[in-house]
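Chemist: I need the structure of the sequence given here:
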Amino acid sequence: MLNENIIRQLAEIVGPENLSVASVDRLTHSFDATQQRFLPDVVLHPGCTEEISRILRLANREKIPVIPRGAGSGFTGGSLAIHGGIILVLTRMNRILEIDTDNLIAVVEPGVVTGDLQRAVERLGLFYPPDPASKDFSTLGGNIAECAGGPRCIKYGVTRDYVLGLTVVTPTGSVIHTGGRTIKNVVGYDLTRLFVGAEGTLGVVTRITLRLLPKPEARKTMLVTFDSIDGAARAVSAIIRGKIIPTTLEFMDASAIACVRKAASLNLPEACQAVLIIEVDGDADHLDAQAERVLDIIAPLGVLETRIAATAEQSEALWQVRRAISPSLRQLNPHKFNEDIVVPRSQVPEMIRALEEISKRYAVPIINFGHAGDGNIHVNVMVDLNLPDMETTVKEVLHEIFRTTVAMNGSISGEHGIGTAKAPFITLELTPETLEVMAAIKLALDPNNIMNPGKIFPSSPITHLSRATDPSTP
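Modeler: Predicted coordinates:
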């Protein structure tokens, strides 16, 4: 525990009402979606950049770990106080400071909920595309820490593609400004992109300048069933070769379809082995022709049935097929390991077959779905960790999944980050030389290693597995 003098100084910075050492507050900020638990020593709710700067100067001097935290909804342990210290909750800093309709820019604080920003800009005819499944509760600061993606990234890109500038408090308490308000900016190193995806290990983001787009006039949703995963994958490539970039290309494989069938009365063909949810957006006058072109392209690839939404309500009904997966996982086993691997999209069928083989070999259910357009597969390993030797089995299964992913020129994380959960596996993808460069950057900015220590780097691997008992999945 921190001594009384440190607690007193922190209270002077943020105010006593924004500091807590109470057991209940420490406990509620001790876990994330991984369901691991690490108690912090103190929970702080700062209200401005200056307060955070003073906190970090004190923490750096006293060598106290500082862990930035938004909604705490991450899947890899990035907001956990694994070495104790200060949980820095940024949800008080939740203002949309500016929406500039002339320059298509928004300036926000890190505690703004992503969905709230989307709704605010859409009321003005604008559009913020990144759409993680957690958008209605995750914060923009957390999205930046993990470089969040979502279904729309095939057409619109991920969080880093919309961050123009940042205000950041470094681990030593200095306040720096990166980027700016213009799309073109090549003055010095691109520090903005360095902080996006750094998982809070290099500093605390306190202000964000985001790029916006005009809101698309309309969208059209299609649900297509296939007789094989190969046909669905070939359909994805064929659509893109046809010079059409859909807004979303979501897929479900046979394992996900079987799981949904048991939990919901969804009318899918018996021979269905894969589902694509295809969505296009743009000018209303052109959408029908674009949708017809998509269906013409994929028709020879084992299509069983096509459904096209004519209204927003029908579109929502089609998406319910995809959303039915997460609740259906509860029927399998109580504990879930939700991984977000990425492979080149042409290799999705090969990866799915490899996952099926791993599932059979280790006798554990593995349910797969995700973003077919960019090869991002959400792999859900469903187990009961109360069974003998199951923790060892899961470690072996995850190692096999990640090893196979990298062998296919893929990545072990597309949008969830590394945190603690994937740190033991990072050397499968990054060479020692690459990690040394990353460590040198970390050391230069954070000489006392106070900023979210124990994350990303494999030098402090966790010794136990997470028990994610809530099977909700992005």
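Chemist: Excluding residues flanking it in the chain, which one is nearest His45?
Modeler: Closest residue in space to His45, ignoring its immediate chain neighbours: Asn18 at 4.2 Å, by Cβ to Cβ, 6 or more residues apart in numbering. Placement of C-beta: from N, CA and C, glycine included.
Chemist: Revised request: answer the last question for Leu80.
Modeler: Phe38 (4.8 Å).
Chemist: quick one: the one you found and Ser79 touch, right?
Modeler: No. Here Phe38 does not reach Ser79: they are 10.0 Å apart, not a contact under Cβ atoms under 8 Å.
Chemist: Settle it for me: which of those two has more neighbours?
Modeler: A direct count of neighbours by other Cβ atoms under 10 Å for Phe38 and Ser79 places Ser79 higher, at 30 against 22.
Chemist: So for the more buried one, what's the pLDDT?
Modeler: As predicted, Ser79 sits at a pLDDT of 97.
Chemist: Confirm it sits in a strand?
Modeler: No. Applying DSSP: H, G, I helix; E, B strand; the rest coil, one finds Ser79 to be coil, outside a strand.
Chemist: how near is the closest residue to it other than its chain neighbours to Ile86?
Modeler: Spatial nearest neighbour of Ser79, chain neighbours left out: Arg69 (4.3 Å); criterion: Cβ to Cβ, 6+ apart. With distances taken as Cβ to Cβ, to the nearest Å, Arg69 is found 10 Å from Ile86.
Chemist: what do you get for Ile412?
Modeler: Ile412 is 29 Å from Ile86, where distance means Cβ to Cβ.
Chemist: repeat for Thr306
Modeler: Thr306 sits 54 Å away from Ile86, going by Cβ to Cβ.
Chemist: do the same with Glu98
Modeler: Remark: distance between Glu98 and Ile86 (Cβ to Cβ) = 30 Å.
Chemist: who has more neighbours, those two?
Modeler: Ile86 (26 against 12).
Chemist: Would you confirm that the more buried one contacts His45?
Modeler: No. Ile86 lies out of contact with His45 (Cβ under 8 Å); the separation is 11.2 Å.
Chemist: burial count for the closest residue to Cys153 other than its chain neighbours?
Modeler: Sequence neighbours aside, Asp374 is the residue nearest to Cys153 in space, at 6.0 Å (criterion: Cβ to Cβ, 6+ apart). Asp374 has 22 neighbours, counted by other Cβ under 10 Å.
Chemist: quick one: Asp374 and Arg353, what's the gap?
Modeler: Plainly put, Asp374 is 19 Å away from Arg353 if you go by Cβ to Cβ.
Chemist: what does Ala291 give?
Modeler: 30 Å.
Chemist: okay, these two: which has more neighbours?
Modeler: Ala291 (21 against 13).
Chemist: close enough to count as contact, that one and Ile308?
Modeler: Yes. Between Ala291 and Ile308 there is a contact under Cβ under 8 Å: 6.5 Å.
Chemist: Which positions in stretch 116-128 come out as buried?
Modeler: 116-118, 120-121, 126-128 (16 or more other Cβ atoms under 10 Å).
Chemist: let me redo that: stretch 374-386
Modeler: So for stretch 374-386, counting by 16+ other Cβ under 10 Å, buried means 374-383, 385.
Chemist: Need these in CSV (columns: secondary structure and pLDDT).
Modeler: Compiled in CSV, the buried residues of stretch 374-386 are given as follows (DSSP: H, G, I helix; E, B strand; the rest coil; pLDDT from 0 to 100):
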residue, secondary structure, pLDDT
Asp374, helix, 93
Gly375, coil, 94
Asn376, strand, 96
Ile377, strand, 96
His378, strand, 95
Val379, strand, 96
Asn380, strand, 95
Val381, strand, 96
Met382, strand, 96
Val383, strand, 96
Leu385, coil, 94
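Chemist: name the element Ile418 belongs to?
Modeler: Assessed by DSSP states H and E, Ile418 sits outside every helix and strand.
Chemist: wait, it sits on Thr76?
Modeler: Yes. Counting by Cβ under 8 Å, Ile418 does reach Thr76; the two are 6.1 Å apart.
Chemist: show me what contacts Cys259?
Modeler: With contact taken as Cβ atoms under 8 Å, 6 or more residues apart in numbering, Cys259 is in contact with 325, 328-329, 331-332, 367.
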